[in-house]
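>>> When you get a sec, could you give me coordinates for this:
(chains A and B)
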Amino acid sequence: MNTSDLAIDVSHLITHYGSRKILDDISFQARLGEIMVIMGGSGSGKSTLLRHLLGLHRPTSGSIKLLGKDITRLSADEMYDLRKNMGVAFQGGALFNSMTVGENIELPLREHTRLDENTIRIMSRMKLEVVNLAGFENLMPSELSGGMIKRAALARAIVMDPRLLFFDEPSAGLDPVVSAELDELILMLRDAMNMTIVVVTHELESAFKIADRISVLDQGRILMSDTVAVVRASDHPRIQSLLNRTPRNEAINPEAYMERLTREIF
Amino acid sequence: MFEPVLSFVSQVGQRSLQSVREVGYLAALLVEAFYWLLFGSWRRQPVRLRAIFKEAVGVGVNAIPIVALASFATGMMLAIQGIYTLRTFGAEGQVVLGIALSVTREFGPLITGIFVAGRSGSAIAARIGTMQISQEIDALRVIGVNPVRYIVAPLLAAMLLTLPALTIMSDLVALFGGALYCAGELSLPIGIFFERTFEVLIVQDVIHGVIKSLFFAVIITLIGAGNGFNVSAGAEGVGQATTRAVVLSCIAIILADMVFSFLMSR
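Take a look at the predicted model:
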């Protein structure tokens, strides 16, 4: 694989929360224009991985290259420039509650460009059209439904036409119809704007529908990172249990069990 | 048998370490806020005048009625107590001196500080805390907007502008309250009261109070913002941060007032 067409290149990423190791030697790549789904159950470390990809935390070791730049080594100014090429739609939307939907979407343009007022308005309305929220710019975020909040957050994420888009749990808390619509929207964005899109999710159906490649995360490790067909065909027991929704039955290691129970007791 | 003692000592140590860490954090926050105010435009992230004015209305202009009412009552209360005390020496006439000096040097700034801390310290902590738990702070960071520059710097500027102004207003209203009571009790015309007030007051007395109010502005902003940023867990966390911000900033204001008065009156 040629390194120049890699949008994301994570290698040997190790992170800790306090003394607890959260991510253990994570390595994976995503090519430009690809939809990469990071999949894993609750507590698998996928949210932590996303926060590291966004440069919100400093890893213990390892490197994260976004669009060819190692964000663990960038200066604040270089990171500031890189962020103009990144869009993020958070799980809960994270719209600014004190602003209208329109102002939310305009904010990145106001902060990063010197466009005049009318151009900013028009550009933000164009993105609202893209996510099917035309005419909602004067509502407050609290007046929107869950699906509308996700779409508004998506509009804000793509308003700068980023090359990299991160989407955290697009279908969490939505009914199947709305989440299917969001999947369509993600596919459409990739085709129309040629974005590289990283979607973090635990929804299998949605993952198989939109992904070019899937990275399966379990207990802080990457189990596999490959195309949809290969992941589907995998006979790895943990992946199979994720696919078939079987509860995990791990044999308990008695020594580790005792150690956990008696840790930090004097 | 040493265990209780040991755990007590380690608790004291941990508490102290935590306090030192918190003071350090607030100091860093202060430096950063000033940095953005002074060099923001050079780093392509200017602190916008519009934001400063908006905050100034919120923390300053809207505080006028409550601060005026409290100052009026305080001025009148000082006159009542002053006349009552001085009557034992038959020196009621000296009450003007007492009111003039204690209002401008002490009560004006203190009343203003305490009331703004109660109004805005809590509001700042609640606003930033809520933004923290709804991931709005993260959203700002990934958009490439420094949260300290966007939220704290305009607040700090607004506080530094409005608190001295509020203090001078508080001085005048408190003096008026005192004058009104003296007019009734001592038949001292209000005009004469103010004439004698301005005879005994020197500029330093007023400046003394104004400088105090600048310190209070910094204290209220930092403690409010610091507690807001440190919220990590849910609605309860926001509530705790709000309470903590008000209590800590009131205590810090009174302690700073004491130290400042001691140093400046020698």
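
>>> can we go C-alpha only for contacts and neighbour counts from here?
Noted.

>>> And the residue of chain A closest to chain B?
A:A94 (4.9 Å; C-alpha to the nearest C-alpha).

>>> Contacts only, for that residue.
A:A153, B:S134, B:Q135, B:E136, B:A139 (C-alpha atoms under 8 Å, 6 or more residues apart in numbering or on different chains).

>>> got the CA coordinates for the lowest-mean-pLDDT helix or strand in chain A in CSV?
None of the helices or strands of chain A scores lower by mean pLDDT, DSSP states H and E than helix A:237-244, at a mean of 78. Extracted in CSV, the C-alpha atoms of helix A:237-244 (Å, rounded to 0.1, in the frame of the first residue of the first chain):
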residue,chain,number,x,y,z
PRO,A,237,-14.4,-16.5,18.2
ARG,A,238,-14.8,-12.9,19.5
ILE,A,239,-15.7,-11.6,16.1
GLN,A,240,-18.2,-14.4,15.7
SER,A,241,-19.8,-13.6,19.0
LEU,A,242,-20.1,-10.0,18.0
LEU,A,243,-21.6,-11.0,14.7
ASN,A,244,-24.0,-13.5,16.2
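
>>> mind listing what's buried in it?
Neighbour-count burial for helix A:237-244, with 16 or more other C-alpha atoms under 10 Å in any protein chain shown as criterion, is recorded at A:R238, A:I239, A:L242.

>>> Farthest pair within the contacts of A:A94?
A:A153 and B:S134 (12.8 Å; C-alpha to C-alpha).

>>> just the buried residues of helix A:237-244 that are near chain B?
Restricting the buried residues of helix A:237-244 to those touching chain B (C-alpha under 8 Å from any C-alpha of the partner chain) yields no residues.

>>> Distance to A:V228 for the residues you listed - can I get that in JSON lines?
Output for the buried residues of helix A:237-244, formatted as JSON lines (distance: C-alpha to C-alpha, whole Å):
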{"residue": "A:R238", "distance to A:V228": "16"}
{"residue": "A:I239", "distance to A:V228": "12"}
{"residue": "A:L242", "distance to A:V228": "14"}
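
>>> Buried only: go through the contacts of A:A94 for me.
The buried subset of these - by 16+ other C-alpha under 10 Å - is A:A153, B:S134, B:Q135, B:E136, B:A139.

>>> between those residues, which is nearest A:G62?
For the buried ones among the contacts of A:A94, the nearest to A:G62 is B:A139 (24.4 Å; C-alpha to C-alpha).

>>> Pull up the gap between the closest one and A:L185, please.
21 Å (C-alpha to C-alpha, to the nearest Å).

>>> ok, back up a step: just the C-alpha atoms of whichever helix or strand comes after the least confident helix or strand of chain A, please, in CSV.
Following helix A:237-244 in sequence order, the next helix or strand is helix A:254-262 (DSSP states H and E). Extracted in CSV, the C-alpha atoms of helix A:254-262 (Å, rounded to 0.1, in the frame of the first residue of the first chain):
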residue,chain,number,x,y,z
PRO,A,254,-8.1,-17.5,39.1
GLU,A,255,-4.8,-15.6,39.8
ALA,A,256,-5.8,-12.6,37.8
TYR,A,257,-9.2,-12.7,39.4
MET,A,258,-7.7,-12.7,42.9
GLU,A,259,-5.3,-9.9,41.9
ARG,A,260,-8.2,-7.7,40.8
LEU,A,261,-10.2,-8.3,43.9
THR,A,262,-7.3,-7.6,46.3
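
>>> Which ones among the contacts of A:A94 map onto helices?
Using DSSP state H, the members of those that fall in helices are A:A153, B:E136, B:A139.

>>> Let me see the ranges of the helices in chain A.
Using DSSP H, the helices of chain A run over A:46-53, A:76-83, A:101-112, A:117-130, A:146-158, A:176-193, A:204-210, A:228-233, A:237-244, A:254-262.
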